[in-house]
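have a look at this prediction, sequence included:
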Amino acid sequence: MLLALLLQVAATPPVPWLVTTKVGAASTATSTSVWSEDGKARLVVRCDAAKEKIVSIQFIPRGGFPAALPRPVSMNIDDNGWLGANWQFPGSGAFTSQDAIVTTLAAQIAHGKAIKVRVINPDNTPVDATFAGPATDAPVRRVLGACAYEIGVVPARSAVPAALPDAKPTPASSDEE
């Protein structure tokens, strides 16, 4: 009897779109995720807060991907057309942290009901997965909020100031007098 209960608990899938926070020595990671309908991949919205605060959208298949140069990833949310971009493939999965792309995808994921993802893996073959969207936008909002992002708003980043020219006065030429 006890063995049957343990097996049942072990077989229970994780709660979709549950927000979790992991605090490390130098950073805090807040994320929410869901497994695909076939249980072969996970879709993650994640905030990594250290010196910088960065939100990423991640696709992590069981078994992972080998590390590779950026590859095409497309999403179709509620059959509203495909949005595609090249994502990073550091090994194990794929992710994008480009602010404009993350802002667009996070807003759509937060309100989506059916999320389709197509990844062209490093072997040049497509990997397709379908995910159920969150019941409300609250989990995605919480993750974005942990990085001081606002849903649907591209975050303002401090621009690197341009080098200022030397402040030496230019002598007037004698021709102009």
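Thanks, I have it. Numbers count the residues shown, from 1 in each chain.

C-alpha only now, for contacts and for neighbours.
OK.

distance of the closest residue to residue 36 other than its chain neighbours from residue 110?
Nearest residue to residue 36, sequence neighbours excluded (CA to CA, 6 or more residues apart in numbering): residue 131, at 4.6 Å. With the distance defined as CA to CA, to the nearest Å, residue 131 ends up 12 Å from residue 110.

spatially central residue in the chain, please.
residue 57 (1.5 Å; CA atoms, centre = their mean).

quick revisit: who has more neighbours, residue 131 and residue 110?
Legend: neighbour count by other CA atoms under 10 Å for residue 131 and residue 110, higher for residue 131 (24 against 21).

in the helix or strand containing the more buried one, what's buried?
Secondary structure from DSSP states H and E places residue 131 in strand 126-132. Neighbour-count burial for strand 126-132, counted by 16 or more other CA atoms under 10 Å, picks out 128, 129, 130, 131, 132.

strands paired with that strand, and their directions?
Strand 126-132 sits in its sheet next to strand 114-120 (antiparallel), going by DSSP bridges.

the strand it pairs with: which residues count as buried?
115, 116, 117, 118, 119.

how about the residues you listed in CSV, adding pLDDT and distance to residue 43?
Shown next, in CSV, are the buried residues of strand 114-120 (pLDDT from 0 to 100; distance: CA to CA, whole Å):
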residue, pLDDT, distance to residue 43
115, 98, 9
116, 98, 10
117, 98, 9
118, 97, 12
119, 96, 12
